[in-house]
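K.L.:
curious how this folds, go ahead:
(chains A and B)
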Amino acid sequence: MPTIDATTIDATTTDVPTTEMVPPVATSAVLVREARFSDYDPIAALMQRYGMETYAREDWQGLWKGNPVYERRNGAWPIGWVLESSDARVVGFSGNIPVACCFSGKDLTAAATSAWVVDADYRSHSMLLASKYFAQKNVDVLLNTTAIHVAGQIFRAFHAKPIPVEGLETALFWVLDYRGFALSSLVRKGVPLAGVVSYPAGAALSVIAAIKGGALGGRDLPRVNALANFDERFDGLWQQLKERTDVLLSVRDRETLQWHFQRSQRSDGLWIYTHETEGRLTSYAIFQRQDKADVGLTRMRLVDFQSVDANPLVLDAMIAAALRRAKAEGVQMLEVLGFSGSVRSRLEMLAPFRRKLPSQLYFYKALSKELKTPLANPQAWQPCSYDGDSSL
Amino acid sequence: MTSIPQVPSYEDVLPVVYKGLDELNQQRARNQRLQATPECVLYGDTGSLNSLELSNFMVLMEQLVQEKFGVEIDLTEGDPFSSESGHMRTAGTLAEHISNLVREQA
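P.N.:
Next up, the predicted model:
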């Protein structure tokens, strides 16, 4: 779910009481208060007015209900904040999703901001939402993994920092349907006669792809399996992954993965590939359908890859499997955002295309003092679309 | 060389806030520029700054205070946008708040 939409911020549920009931704060005509599940209708209407993707009521509530962190805290967590006008209309919202993390052997809680939207007439009051988000307690890290430019500036003002990993502002991708992809790109750019132009543009893309090649073809790749669900073996792999104490990792046990991807699984928009070594699960990749319907783009994204295998060809094999399936199902492109270190390097070698993102997407603020120095180290991060709200 | 008061008063800080407003004004249309007065509204229903301008202004003011008084401050703490007590309401409330913050650290 996008955090802050470019068109909204001038540029970003039952009524279970959350945390202590804090009295609403008024700034003359505008009031900010904790959001309630019963605010769903006006929040969804507001998001729709600004062209943002909205969830069905149950899916929206499911960002918190069933969320392992929210449940462990018995709902003592602000699901977000709303701005109310003097006539009690909801004119702004920012969601606040709890995310379990692990670092240096400690279990941590991150708060991921999500679906930030403010009515155009109340734009300056975005700062009220931001100050609530940044003032929250009982959280170790604040995360924004879907920030647009303005959100990034607001986050910087509140002393959040870009995640210190190179390459995060560049997406890597493969094209499976050159003409279809070209058409959606031309529509997005508002090019006249996009349908006609898409034929030569698609042909040009196919030539570029042929020249750049990519390192996937013509080799024996390790065997990978396609799964429909997360089974108990994911718990075993997570126990191994969390031993890497120097990296801040979002929790990836079976329960959390099931909650995280429940909506995608229901809509048949999730591909899970695994690799086994001596009967044990040692690697997995998760691809999620993330279309852009307004321009006719069909897209799969690699949203997570974790491995305790030393063999880099495991990643190649999973990408190759996803590309075959995407091609067979008529998906126009496969894209990757984020990742670092050897995984990112490998992906850069494999992917024939890249595009510059409009802004740095990933920001964090360490609230725990003991995290400030370690999280300033690039080695502490392996950001990908599993983090924050990018793939919820 | 400008002498730096050890414990700057409100009157010492106000010109620094005006300098920030001046830099902000350079990004705004002539007819939308803010007046350098203590009553100049930064945030609130009659304020004209959008969230991006407010964000940039806060960052700028923290830098100016560091340069002028050699003190690191955080303007995001302490409910800056409260209608009753928020220090981001006007140029005057901001100068008062910065003066207090710098005094606390002196």
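
K.L.:
so who does residue B:20 touch?
P.N.:
B:57, B:60, B:61, B:64 (Cβ atoms under 8 Å, 6 or more residues apart in numbering or on different chains). Backbone N, C-alpha and C define where each C-beta goes, glycine included.

K.L.:
what parts of chain B come near chain A?
P.N.:
Contact residues, chain B versus chain A (Cβ under 8 Å from any Cβ of the partner chain): B:43-45, B:47, B:49-52, B:54-56, B:58-59, B:74, B:76, B:79-83, B:86, B:88.

K.L.:
among those, which are in helices?
P.N.:
Judged by DSSP state H, the residues of chain B next to chain A include B:51, B:52, B:54, B:55, B:56, B:58, B:59 as members of helices.

K.L.:
please read off the pLDDT at the residue lying closest to the fifth one once chain neighbours are set aside from the model.
P.N.:
Same thing as residue B:56. Once flanking residues are discounted, residue B:56 sits nearest to residue A:153: 6.4 Å by Cβ to Cβ, 6 or more residues apart in numbering or on different chains. Residue A:153 carries a pLDDT value of 91.

K.L.:
which helices and strands sit right next to the helix or strand that contains residue A:153?
P.N.:
Element membership of residue A:153, judged by DSSP states H and E, is helix A:149-157. Other helices and strands packing on helix A:149-157, by 3 or more Cβ pairs under 8 Å, 6 or more residues apart in numbering or on different chains; DSSP states H and E, are helix A:126-134, strand A:363-366, helix B:51-69.

K.L.:
now with 10 Å, please.
P.N.:
The contact analysis (3 or more Cβ pairs under 10 Å, 6 or more residues apart in numbering or on different chains; DSSP states H and E) places helix A:149-157 against strand A:106-118, helix A:126-134, strand A:141-144, strand A:161-162, strand A:363-366, helix B:51-69.

K.L.:
residue B:30 and chain A, how far apart?
P.N.:
20 Å (Cβ to the nearest Cβ, to the nearest Å).

K.L.:
same deal with residue B:20?
P.N.:
Distance from residue B:20 to chain A, by Cβ to the nearest Cβ: 13 Å.

K.L.:
quick one: buried residues of the helix or strand encompassing that residue?
P.N.:
Taking DSSP H and E as the definition, residue B:20 sits inside helix B:10-25. Across helix B:10-25, burial judged by 16 or more other Cβ atoms under 10 Å in any protein chain shown covers B:12, B:13, B:14, B:16, B:17, B:18, B:19, B:20, B:21, B:24.

K.L.:
what is the burial count for residue A:77?
P.N.:
Residue A:77 has 25 neighbours, counted by other Cβ atoms under 10 Å in any protein chain shown.

K.L.:
if we can go back for a sec, Throw the helices and strands packed on helix A:149-157 into CSV and include mean neighbour count, thanks.
P.N.:
As requested, the helices and strands packed on helix A:149-157 are exported to CSV (neighbours: other Cβ atoms under 10 Å in any protein chain shown):
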stretch, mean neighbour count
strand A:106-118, 24
helix A:126-134, 26
strand A:141-144, 25
strand A:161-162, 16
strand A:363-366, 22
helix B:51-69, 20
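
K.L.:
hang on, the earlier thing: how about the ones in helices among the residues of chain B next to chain A in TSV, adding pLDDT?
P.N.:
Shown next, in TSV, are those (pLDDT from 0 to 100):
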residue	pLDDT
B:51	91
B:52	92
B:54	95
B:55	95
B:56	95
B:58	97
B:59	97
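
K.L.:
tell me which two in those residues are the farthest apart.
P.N.:
Taking every pair in these and measuring Cβ to Cβ, the maximum separation is 12.8 Å, between B:51 and B:59.

K.L.:
got any residues that touch both of those two?
P.N.:
Contact criterion Cβ atoms under 10 Å, 6 or more residues apart in numbering or on different chains; residues shared by residue B:51 and residue B:59: A:153, A:157.

K.L.:
and the strands in the stretch 251-392 of chain A?
P.N.:
A:270-277, A:280-289, A:299-307, A:333-336, A:353-356, A:363-366 (DSSP state E, counting those that start in this stretch).
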